[in-house]
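Peer 1: Structure, please.
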Amino acid sequence: MTRIIGGQAAAVRLEVPPRGTRPTSDKVREAMFSTLDSAFELDGARVLDLYAGTGALGLEALSRGAESVVLVEKFEQAARLLRTNARAVSRQLPRASASVENSPVARWLARGLGEFDLVFIDPPYDVATATVYGELELLLPLLSPDALVVVERSSRSDAIEAPEGYVLWRQKDYGETVVRYFELASR
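Peer 2: Coordinates of the predicted model:
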């Protein structure tokens, strides 16, 4: 069972597609948000969740005080469930905004819509590191000056070096999962 673990929508259950997604575990999500709480202001943040799957990361941020979240998911079945999950969480948060974009990540980023304070990139583990690196490059013009980008990958994946414009702020290992936090180099 996947659920929201903190904030105003805590305990709301999230629908999970029967296959094709790998929701971030509650343990890793809780650790991730503890790290964010210590160094990032979630209240009022504009969040982007790429490879959103169930929406667990972006909707968790919304539950914990973010103003809005855009959830980008290319697979139609997952996007349908994501809309259901966004509605379930939004019912608990009348002032927050959640929108779902059914699109491949690179295509959506190339459109250049919006400015974001917090971005989650949690692709399937078989997505090439070079692909994620390219998406980080496409993402750069969409970031606010104090933005933070959180990338979740398998510990067996090649490490993602920070593209020009980013610096690695922190890295945390959780067994099979590695979470890297990037901030803007000019920060």
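Peer 1: low pLDDT regions in the protein?
Peer 2: Within the chain, the stretches with pLDDT under 70 are 19-22, 187.
Peer 1: hey, where'd the helices end up in it?
Peer 2: Ranges of helices in the chain, per DSSP state H, are 26-39, 56-63, 76-90, 105-111, 129-139.
Peer 1: Quick one: the strands in this protein, in order.
Peer 2: Taking DSSP state E to define them, one finds strands in the chain at 2-3, 13-14, 46-50, 68-73, 97-102, 116-121, 143-154, 166-174, 177-184.
Peer 1: can you redo the ones you listed as TSV with distance to Leu59 and mean neighbour count?
Peer 2: Every C-beta, even on glycine, is put in place using the N, C-alpha and C of the backbone. Below are the strands of the chain laid out as TSV (distance: least, CB to CB, whole Å; neighbours: other CB atoms under 10 Å):
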stretch	distance to Leu59	mean neighbour count
strand 2-3	10	18
strand 13-14	7	16
strand 46-50	8	26
strand 68-73	7	25
strand 97-102	7	19
strand 116-121	10	24
strand 143-154	14	19
strand 166-174	20	15
strand 177-184	18	20
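Peer 1: who wins for proximity to Phe33 among these?
Peer 2: Ranking these by proximity to Phe33 (CB to CB) places strand 143-154 first, at 10.0 Å.
Peer 1: What strands line up against that closest one, and which way round?
Peer 2: Here strand 143-154 has these sheet partners by DSSP bridges: strand 116-121 (parallel), strand 177-184 (antiparallel).
Peer 1: So for the protein, the centremost residue is which one?
Peer 2: Against the mean C-alpha coordinate of the chain, by CA atoms, centre = their mean, the closest residue is Phe120 at 2.4 Å.
Peer 1: Now do the contacts for the residue nearest to it when sequence neighbours are not counted.
Peer 2: Leaving out its chain neighbours, the residue that sits closest to Phe120 by CB to CB, 6 or more residues apart in numbering is Leu57, at 4.2 Å. By CB atoms under 8 Å, 6 or more residues apart in numbering, the contact set of Leu57 is Thr24, Arg29, Met32, Asp49, Phe120, Asp122, Val150.
Peer 1: coming back round to it: and the strands of the chain: which comes nearest Ser38?
Peer 2: Between Ser38 and the strands of the chain, the tightest spacing by CB to CB is seen for strand 166-174, at 9.9 Å.
Peer 1: Which of the strands paired with strand 143-154 sits closest to Ala96?
Peer 2: Closest of the strands paired with strand 143-154 to Ala96 is strand 116-121, at 13.7 Å (criterion: CB to CB).
Peer 1: Give me the contacts around that closest one.
Peer 2: Residues outside strand 116-121 that contact it (CB under 8 Å, 6+ apart) are 36, 40, 42, 45-51, 57-58, 61, 66, 70, 132, 135-136, 139, 142-144, 146-152.
Peer 1: Asp173 bridge partners, please.
Peer 2: Val178.
Peer 1: Test my guess that it contacts Arg156.
Peer 2: No. Counting by CB atoms under 8 Å, Arg156 is not a contact partner of Asp173; they are 11.8 Å apart.
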